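Peer 1: coordinates only, sequence not included:
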């Protein structure tokens, strides 16, 4: 839930990759399978503790969660429900715009959501910028920002990383971007970034391990090109990967 990158692809597609930083004592996530929501067949790794998720996708919509909004906050439990259920709620509305207009944010811990609606499903919009949204709930007010989907983006959870560290991570991302080919980003390359950026800094590196039970425990990539979409989920504690097609029943599980 704590480091997310977005990369545009040349032919109406994108790569979204999420590193989940979590306490290792938390129950292991259930590997991604497909579920039916009100409007979508969605795929996500399930947190057995909350029955929610930090990242979920269908062939038409991708939603990803980070803890915190604009700055670190002191938790004030009890909250109405887990933030992981907010991710899944977006798929129960006709569109992200409908969700934002109708959803009840009150009583939830602060969070950031990244919502991506592929271009093919956004023909009703006059500006392509509206296909990539950032939603921040600060505990009092929901804030909606439309981002340019033709530009790369990186987010880091404000609950784990200071402004200075977040700026350093943005620099790592910028340095990585200038080394990439101009004809499109590779899944393997961005996953390597999530595993190697800031190497040697176990506290603030993108692949972190703070020695107190908090570390990066999984890595998820959504790869969308046109109507073809794939989720690649890797449990970093067991070195097991699942590749899940988001529009078919084919899937493969293997260790590496």
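Peer 2: Received, thanks. Bear in mind the structure is a predicted one, so any value in this text is a computation, not a measurement.

Peer 1: Neighbours of the closest residue to residue 83 other than its chain neighbours, how many?
Peer 2: Spatially, and ignoring its direct neighbours in sequence, residue 83 is nearest to residue 111 (4.6 Å; C-beta to C-beta, 6 or more residues apart in numbering). The C-beta positions use only the backbone N, C-alpha and C, and glycine is treated the same way. Using other C-beta atoms under 10 Å, residue 111 has 25 other residues around it.

Peer 1: now do residue 227
Peer 2: Residue 227 has 14 nearby residues by other C-beta under 10 Å.

Peer 1: before we move on, what about the one 4 residues further on?
Peer 2: Counted with other C-beta under 10 Å, the burial measure for residue 231 works out to 25 neighbours.

Peer 1: If the closest residue to it other than its chain neighbours is in a bridge, with which residues?
Peer 2: Of all residues not flanking residue 231 in the chain, residue 244 sits nearest, at 4.5 Å (C-beta to C-beta, 6+ apart). Counting by DSSP bridges, residue 244 is bridged to residue 231, residue 251.

Peer 1: re the thing from before, which residues does the residue nearest to residue 83 contact?
Peer 2: 65, 66, 67, 68, 69, 83, 86, 136, 137 (C-beta atoms under 8 Å, 6 or more residues apart in numbering).

Peer 1: Bridge partners for it, pull those for me.
Peer 2: residue 67, residue 137.

Peer 1: I'd like the distance between it and residue 54.
Peer 2: 10 Å (C-beta to C-beta, to the nearest Å).

Peer 1: so what's in contact with those two at the same time?
Peer 2: residue 65.

Peer 1: Same list (the contacts of residue 111) but as TSV, adding neighbour count, pLDDT and distance to residue 9.
Peer 2: Below are the contacts of residue 111 laid out as TSV (neighbours: other C-beta atoms under 10 Å; pLDDT from 0 to 100; distance: C-beta to C-beta, whole Å):
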residue	neighbour count	pLDDT	distance to residue 9
65	25	98	23
66	26	98	22
67	21	97	28
68	24	96	29
69	22	97	29
83	23	96	28
86	22	98	27
136	18	98	26
137	21	98	29
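
Peer 1: want to throw the residues you listed into a markdown table with distance to residue 208?
Peer 2: What follows is those, written out as a markdown table (distance: C-beta to C-beta, whole Å):
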| residue | distance to residue 208 |
| --- | --- |
| 65 | 18 |
| 66 | 14 |
| 67 | 14 |
| 68 | 16 |
| 69 | 21 |
| 83 | 20 |
| 86 | 24 |
| 136 | 23 |
| 137 | 25 |
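
Peer 1: Closest one of those residues to residue 192?
Peer 2: Nearest to residue 192 among those is residue 66, at 21.2 Å by C-beta to C-beta.

Peer 1: and residue 242, how many neighbours?
Peer 2: 19.

Peer 1: again with residue 218
Peer 2: 23.

Peer 1: got it, and the one 10 residues further on?
Peer 2: Around residue 228 sit 13 other residues, with neighbours defined as other C-beta under 10 Å.

Peer 1: what's the answer for the one 5 residues further on, then?
Peer 2: Burial of residue 233 is recorded as 24 neighbouring residues (other C-beta under 10 Å).

Peer 1: looking at it, it is touching residue 217, isn't it?
Peer 2: No. Taking C-beta atoms under 8 Å as the definition, residue 233 is not a contact partner of residue 217, at 11.5 Å.

Peer 1: ok, residue 221 touching residue 241?
Peer 2: No. Contact criterion C-beta under 8 Å: residue 221 and residue 241 do not qualify, at 10.3 Å.

Peer 1: so what sits against both of the two?
Peer 2: Shared contacts of residue 221 and residue 241, counting by C-beta under 8 Å, 6+ apart, come down to residue 232.

Peer 1: who has more neighbours, these two?
Peer 2: When residue 221 and residue 241 are compared for neighbours, residue 221 comes out ahead with 22 against 18, by other C-beta under 10 Å.

Peer 1: how far is the helix or strand hosting that one from where the chain is centred?
Peer 2: Residue 221 is located in strand 214-225, with elements delineated by DSSP states H and E. Between the centre of strand 214-225 and the centre of its chain there are 7 Å (C-alpha atoms, centre = their mean, to the nearest Å).
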